[in-house]
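J.: Only the shape, not the letters, is given here:
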């Protein structure tokens, strides 16, 4: 059966048509293409956390009008009921014939407040791009000055000869005369990067990119004033190949052309953000002169198409740490072709430019008192110290805080339960988008476990207790349900307002949360030990990122994610990596500081610490009290 109209034709005999419902989007792919790849080609983001291994069970889809055999992994992951109605795992299907597929869960990232929240009110403006508007004297028989020198003599601050790239030099004479010698030149030091007609000296735009493992955020910036004109975000499409960076490293090295593919799709995603920013501000691509990019070390490597293999192997060495700069046309970015594109420098293999941006944004390297900075995500990066000394580490928190490996987990998007509270008579919860809850995201995960601990549904070891021993109200006891092996907790039941079906939180979900929070808590403890600092000496705790922006700090304290510090010392700093990228974009001084940061910040490799496993095990318990 063909799903194309009579007017549409296949490009080759090996091409397969996949129709995605209910949107009706169509992907034309070669036979053998994985269904996740086909979905990505159709601009559909299907959740995928495990790197196509079929273990996370997040990429469920329904095959319509046909029956396909189930793989061994699908037999293990999917229930008999799911298989009976045609539910499959997209990562387990290689398309060999035309298919019609119903999407069960599609990820849609929208620009939310954390993406635009900045602790900076004023940015230092000290950029290295300069615009020069000239109305040049026209050469004549008595003044036979060549065109390039005619420009050069009007830029008195030049330290050396002006360099004009060949493509601009080739059109220079024509351009000058076409515009009656009235032009604006944009320079980077002594290099000309653009020549425009008329006076455009008051408009200089740049883009700051926060290249996250899960989400990519782009900010369009007026570089002469520091004004943020627009902010847009999309899901990082590399997530199709694994929720964490190690999965992507493995994909880049194990699959033919894997590295090229991962680079290509992230460049495509950034171009999509640029297009969105341009459309929302009536801006042309060529009006964007510069880009700065903050990402973790592996994301930086993948963005540049640099092999990250040896970051994932001891002794975890990256190909580069310093800031890298290229022209946009070298990377295929939709902006001024010769516009500079710079990455923020990396501190180590597992603490990258995003944390350099965090330090830069919050001036952690200038603090008089001890400050703890935490960026919690798939990797929990932690910075601790003062202007005297900064140390940092990376903890393998895993994807739990992003909704991965949680039975009903999902990312923070429409349908995700992100806040949860139990009182003496009922439960209260908030769902992103004010719709029926489909699952829980990271902040909801922490709220749920904290409330279960507070009411004694979970003991200090993390075990859901037998309802017969539960000392709380009967209505809450009824939510503890035996599943044949152990107990689940109905975080949402059909009796709750706004819920049409129950959502259950499982024992294994608590274990995943314990592993994630223990990794972060152990990392914090080791950094404190390294500097011989007690909790009382910490002046403030700064929590960054999407997760941190919506985190309930009291619940984070209750489960032991954050040291037992006075709550008023805990502050949320929004998207600090994005803010650091903006500082880097706008200021030469900030760029110098960034390079100093990576050279003065000491990285602690937790796997080499003899005490890490012992501390990690201790932090598995729920011991915080008095909240």
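T.: Structure received. Since the structure is predicted, the reported quantities are computational estimates derived from the model, not experimental observations. Residues are numbered from 1 along each chain as shown.

J.: Tell me where the stretch 51-200 of the chain has strands.
T.: 60-64, 87-89, 99-103, 129-135, 182-188, 191-197 (DSSP state E, counting those that start in this stretch).

J.: pLDDT below threshold where in this protein?
T.: Low-confidence segments of the chain (pLDDT under 70): 1-13, 51, 105-122, 159, 378, 398, 497-500, 546-549, 623-627.

J.: Residue 336 is nearest to which of the strands of the stretch 51-200 of the chain?
T.: Closest of the strands of the stretch 51-200 of the chain to residue 336 is strand 191-197, at 5.8 Å (criterion: C-beta to C-beta). (C-beta placed from N, C-alpha, C; glycine too.)

J.: That closest one to strand 182-188, inter-axis angle?
T.: Angle, strand 191-197 to strand 182-188, by axes from the mean of the first three to the mean of the last three C-alpha atoms, to 10 degrees: 160 degrees.

J.: now the angle between strand 129-135 and strand 191-197, please.
T.: For strand 191-197 against strand 129-135, the angle by the same axes, to 10 degrees is 40 degrees.

J.: need the next SSE after strand 191-197, C-terminal direction.
T.: strand 205-211 (DSSP states H and E).

J.: Describe which strands that next one pairs with in its sheet and in which direction.
T.: strand 215-222 (antiparallel), strand 288-295 (parallel) (DSSP bridges).

J.: buried sites along that strand?
T.: Buried residues in strand 205-211, defined by neighbour count with 16 or more other C-beta atoms under 10 Å: 205, 206, 207, 208, 209, 210, 211.

J.: got it, and stretch 142-154?
T.: Buried residues in stretch 142-154, counted by 16+ other C-beta under 10 Å: 147, 148, 150, 151, 152, 154.

J.: Next, the distance between the ends of that stretch.
T.: This stretch, stretch 142-154, spans 19 Å end to end (C-alpha to C-alpha, to the nearest Å).

J.: which other residues reach it?
T.: 132, 134, 136-137, 139, 158, 161-162, 164, 169, 172-173, 176, 185, 192 (C-beta atoms under 8 Å, 6 or more residues apart in numbering).

J.: at 10 Å what do you get?
T.: In this structure, residues lying in contact with stretch 142-154 by C-beta atoms under 10 Å, 6 or more residues apart in numbering are 132-139, 158, 161-164, 168-169, 172-177, 181, 183, 185, 187, 190, 192, 195.

J.: Among the residues you listed, name the buried ones.
T.: Among the contacts of stretch 142-154, those classed as buried by 16+ other C-beta under 10 Å are 134, 136, 162, 164, 168, 172, 175-176, 181, 183, 185, 187, 192, 195.

J.: Just give me the closest of those residues to residue 350.
T.: Relative to residue 350, the closest of the buried ones among the contacts of stretch 142-154 is residue 187; by C-beta to C-beta it sits at 37.4 Å.

J.: Give the full set of residues in contact with the closest one.
T.: Contacts for residue 187 (C-beta under 10 Å, 6+ apart) come out as 128-132, 151, 155, 157-158, 162-164, 193-194.

J.: start to end distance for stretch 368-380?
T.: 24 Å.

J.: Mind picking the two most distant members of the buried ones among the contacts of stretch 142-154?
T.: The span of the buried ones among the contacts of stretch 142-154, defined through C-beta to C-beta, is set by 181 and 187 at 17.8 Å.

J.: in the stretch 451-600 of the chain, which spans are helices?
T.: 474-477, 507-530, 545-550, 553-559, 576-586, 588-600 (DSSP state H, counting those that start in this stretch).

J.: These into a markdown table, with extra columns for distance to residue 283 and mean neighbour count?
T.: Shown next, in a markdown table, are the helices of the stretch 451-600 of the chain (distance: least, C-beta to C-beta, whole Å; neighbours: other C-beta atoms under 10 Å):
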| stretch | distance to residue 283 | mean neighbour count |
| --- | --- | --- |
| helix 474-477 | 54 | 14 |
| helix 507-530 | 40 | 21 |
| helix 545-550 | 26 | 25 |
| helix 553-559 | 38 | 22 |
| helix 576-586 | 16 | 29 |
| helix 588-600 | 24 | 17 |
